[in-house]
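Peer 1: Using only what follows, build the 3D model:
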Amino acid sequence: QVQLVESGGGLVQAGGSLRLSCAASGRTFSTYRMGWFRQAPGKEREFVASIVPSINWSGGRTYYGDSVKGRFTISRDNAKNTVYLQMSSLKPEDTAVYYCAAAPRGTNKFDDWGQGTQVTVSS
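Peer 2: Next up, the predicted model:
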């Protein structure tokens, strides 16, 4: 099990940027697939991005939801037990609560979740 704490959310104007961070507890962070999801009011939770574990120090292959491709970048720092989501060219439709999640190696089963951080993009 992994405990996750997100930070970095806030209010930003359309076209701006934000970087979210997710700090994880535990010594096995590097073995987890890490993901970012978001949920806007009245909408279902949406996949944003994920990064697989890797034997390399800097992290592994990345995947993105269609709505954020080319604008968001997920990365991880295994030495800091942290995963990041760099968001650029933000749009009002990116407004949501963003959640960090962890899935055990070899699975896509995100069992551990953070409490979420609010991102609001004004037009």
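Peer 1: Report the contact partners of the residue positioned nearest the centre of the chain.
Peer 2: Averaging the C-alpha coordinates of the chain gives a centre point, and the residue nearest to it by C-alpha atoms, centre = their mean is residue 36 (2.9 Å). Contact criterion C-beta atoms under 8 Å, 6 or more residues apart in numbering gives 20, 22, 48, 49, 50, 74, 83, 85, 98, 99, 100, 101 as the residues in contact with residue 36. All C-beta spots, glycine's among them, are computed from the backbone N, C-alpha and C.
Peer 1: ok, it to residue 27 distance?
Peer 2: Plainly put, residue 36 is 22 Å away from residue 27 if you go by C-beta to C-beta, to the nearest Å.
Peer 1: Same check on residue 77?
Peer 2: Noted for residue 77: a distance of 15 Å to residue 27, by C-beta to C-beta.
Peer 1: So for the two, which residue has more residues nearby?
Peer 2: In this comparison of residue 77 against residue 27, neighbours counted by other C-beta atoms under 10 Å, the higher total goes to residue 77 at 15 against 7.
Peer 1: quick one: residue 89 is in a helix?
Peer 2: No: for residue 89, which was evaluated using DSSP: H, G, I helix; E, B strand; the rest coil, the result is coil, with no helix membership.
Peer 1: What pLDDT does the model give it?
Peer 2: In this model, residue 89 is scored at 98, pLDDT.
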